[in-house]
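A.B. asks: Fold the stuff below for me.
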Amino acid sequence: QVQLVESGGGLVQAGDSLRLSCAASGRTFSSDTMGWFRQGPGKEREFVAAISWSGGSTYYADSEQGRFTISRDNAKNTVYLQMNGLQPEDSAIYYCAAGGTYYGGSNYAPAFWGQGTQVTVSS
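C.D. replies: This is a model prediction of the structure:
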């Protein structure tokens, strides 16, 4: 059974940083795209970032470009999201995603999802 378990969320102040982690189990994703999505209060789930199987290519939503950095460690079957300069509008549940198909831009259709981790940014 595939599981994606996120960690690292929490309550921070505007301008702070957080690093989210997502550990996968049940199968290896070393040949797959992995990524992050988020869903804010009253909003639809939206793409945040994705990373190619090798880590050589990364993709970001326009609003996160320059503030967020996605990375992965295939030996640990884990993907990370470093978030700097957090703002209240970044408050959301952040979901890890793995496998599936990346079509380009913000068009990523994952095959597997984590349960989410809450990030709350106070002003």
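A.B. asks: my read: Phe47 touches Pro110, true?
C.D. replies: No - applying CB atoms under 8 Å, one finds Phe47 not in contact with Pro110, separated by 9.9 Å. (C-beta placed from N, C-alpha, C; glycine too.)
A.B. asks: Looking at these two, which one has more neighbours?
C.D. replies: Comparing Phe47 with Pro110 by other CB atoms under 10 Å, the one with more neighbours is Pro110, at 23 against 20.
A.B. asks: any idea how far the closest residue to the more buried one other than its chain neighbours is from Ala75?
C.D. replies: Distances taken as CB to CB, 6 or more residues apart in numbering place Ala97 nearest to Pro110, at 3.5 Å, with adjacent residues excluded. Distance check for Ala97 against Ala75: by CB to CB, to the nearest Å, it reads 20 Å.
A.B. asks: got it, and Gly26?
C.D. replies: According to CB to CB, Gly26 and Ala75 sit 17 Å apart.
A.B. asks: can you list contacts of the helix or strand where Leu11 lies?
C.D. replies: Counting by DSSP states H and E, the element that carries Leu11 is strand 10-13. Outside of strand 10-13, the residues within contact range by CB atoms under 8 Å, 6 or more residues apart in numbering are Leu18, Leu86, Gln118, Val119, Thr120, Val121, Ser122, Ser123.
A.B. asks: Same question for stretch 36-45.
C.D. replies: Residues from elsewhere that reach stretch 36-45 (CB under 8 Å, 6+ apart): 20, 22, 46-50, 70, 79, 81, 89-97, 110, 116, 119.
A.B. asks: wait, Gly116 sits on Tyr95?
C.D. replies: Yes - using CB under 8 Å, Gly116 is in contact with Tyr95, at 4.8 Å.
A.B. asks: Many thanks, we can stop here.
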